[in-house]
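K.L.:
Would you be able to build a 3D model of this:
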Amino acid sequence: MKAMVLDQFGGPEVLHMAEIERPEATPGQVVVQVAYASVNPADWKAREGWLAQYFQYQFPFVVGFDAAGVVAAVGEGVTGLAVGDRVVTPGNQGLGERGSYAEYVRSAAERVIPLPANVSFAQAATLPTAGMTAWKAVFDNGRAGPGQKVVVNGGAGGTGSFAIQLARMAGAEVAATCSAGNFDYVRSLGASHAIDYRAGSVADAIRVWAPQGVDLIVDTVGQGTFVDTIETVRRGGVICPIGTLIADEAPYDPARLTAAGVSVIPTISDFDSQPRQLAGLVEALSAGRIRVPDHVIMPLAEAGRAQALVQAGHVRGKILLEVNPALEN
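P.N.:
I've put the predicted structure just below:
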């Protein structure tokens, strides 16, 4: 099969097209023929070797966590899935295997979610990493609910786009930080208030919006951008910073957190929760309770350029890689 691989760690230029062995459907596993893969910040970090603390790289290495396509083979013991089924999956890259920037990807059967007919492959490919991370922050860790006030830092990105919608789905009122050019976008996702992070104090803007304090902050940006917002959270509230793996990030001050009565719950999607989260996202999308983020589609061969754009920041929504769109027909 064709895949975008790397033979060493480095910049976008190390990604190149190659012919590698197609994965087999071993017991409990499913092979998916990929229509679209998705690009996430974790992908360029994997390319640079940041994920070596989590799994062993085997070169040539294929990055990519998200894929949507058609079941090509099922392994022994797999039930509920058949060849030809339309599916979405976060793949097995986080478990040390090759990723989704390829014509085929292998995934544990429980991590392969069937798609309703009204959800396209391109739509589905936006869901796994960004959507599951947002789900964990909003529902599992943040416990968002009706009548609450939620702030999403970085509302125009992939995870932020889902976090806004999931918080609204929970019945919360949402404010989102973004550039002024993305105000209309985050409002279209359900944010009732947009805050320009470049125009003065974000903490002051939050206080004006929520004088009694907010219930939850979902910080998708990190890098110390929100450590001065502790006192904008009501006593008993939660801050969920999304894990960035950046070692020198400014931490939240424990003394200030204790004084304010605020909890910080670092958030990164975990393997055990992912099947439930992804199934919930698919159901919500099919039912019209959420929509997919704005996204652009690029050829698989341009994966390096796509990663460079994500690494530079300020991508609205998502970037998808087109692998075999003919599968949709």
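
K.L.:
For S120, see how far away the residue nearest the centre of the chain is.
P.N.:
By Cα atoms, centre = their mean, the chain has its centre lying nearest to A130, at 1.3 Å. Distance of A130 to S120, computed by Cβ to Cβ, to the nearest Å: 17 Å. Using the backbone N, CA and C atoms, a C-beta is placed for each residue, glycine as well.

K.L.:
same thing with F271?
P.N.:
From F271 to S120 the distance is 26 Å (Cβ to Cβ).

K.L.:
Looking at these two, which is more packed in?
P.N.:
The neighbour count for F271 versus S120, taken as other Cβ atoms under 10 Å, is higher for S120 (17 against 13).

K.L.:
Kindly state the pLDDT recorded for that one?
P.N.:
The model reports S120 with a pLDDT of 97.

K.L.:
for the one 3 residues further on, same thing?
P.N.:
According to the predicted model, the pLDDT of Q123 comes to 98.

K.L.:
Skipping its backbone neighbours, what lies nearest it in space?
P.N.:
V292 (4.7 Å; Cβ to Cβ, 6 or more residues apart in numbering).

K.L.:
residues near the one you found, how many?
P.N.:
24.

K.L.:
and what of I164?
P.N.:
Around I164 there are 32 residues (other Cβ under 10 Å).

K.L.:
Then Q8?
P.N.:
When neighbours are counted by other Cβ under 10 Å, Q8 registers 11.

K.L.:
residues touching it, list them.
P.N.:
V14, F59 (Cβ atoms under 8 Å, 6 or more residues apart in numbering).

K.L.:
quick one: secondary structure of it?
P.N.:
The three-state label given to Q8 by DSSP: H, G, I helix; E, B strand; the rest coil is coil.

K.L.:
and it, how far is that from P60?
P.N.:
10 Å.

K.L.:
now A194
P.N.:
According to Cβ to Cβ, A194 and P60 sit 43 Å apart.

K.L.:
Pick out whichever of the two has more residues nearby.
P.N.:
When A194 and P60 are compared for neighbours, A194 comes out ahead with 21 against 16, by other Cβ under 10 Å.

K.L.:
Could you find the closest non-adjacent residue to the more buried one?
P.N.:
A194 sits nearest to F183 (Cβ to Cβ, 6+ apart), 4.2 Å away.

K.L.:
can you pull up the bridge partners for T267?
P.N.:
On the basis of DSSP bridges, T267 is bridged to I242.

K.L.:
okay, now it: neighbour count?
P.N.:
Other residues near T267 number 25, with proximity taken as other Cβ under 10 Å.

K.L.:
Equivalent analysis for S188, please.
P.N.:
Residues contacting S188 under the criterion other Cβ under 10 Å number 13.

K.L.:
ok, now A108?
P.N.:
For A108, using other Cβ under 10 Å, the count is 20.

K.L.:
For this protein, which segments count as helices?
P.N.:
Counting by DSSP state H, residue ranges of the helices within the chain are 41-47, 121-125, 128-135, 158-169, 183-188, 202-209, 254-260, 274-286, 303-312.

K.L.:
counting contacts, what elements does the shortest one pack onto?
P.N.:
Read it as helix 121-125. Judged by 3 or more Cβ pairs under 8 Å, 6 or more residues apart in numbering; DSSP states H and E, the packing partners of helix 121-125 are strand 29-39, strand 66-74, strand 86-89, helix 274-286.

K.L.:
Quick check: neighbours of the third one in the sheet, parallel or antiparallel?
P.N.:
Strand 86-89 has the following sheet partners, assigned by DSSP bridges: strand 66-74 (antiparallel), strand 113-114 (antiparallel).

K.L.:
check contacts around the residue nearest to the centre of the chain.
P.N.:
Per Cβ under 8 Å, 6+ apart, neighbours of A130: S38, N40, G157, G158, T159, S161, F162, P293, K318.

K.L.:
the domain parsing of this protein - what is it?
P.N.:
The chain breaks down by automatic domain parsing into domains covering 2-126+292-328, 130-264.

K.L.:
Near G77, how many residues? Count them for me, please.
P.N.:
10.

K.L.:
List the contacts of it.
P.N.:
Residues near G77 by Cβ under 8 Å, 6+ apart: P27, G28, A109.

K.L.:
Kind regards, and thank you for your time.
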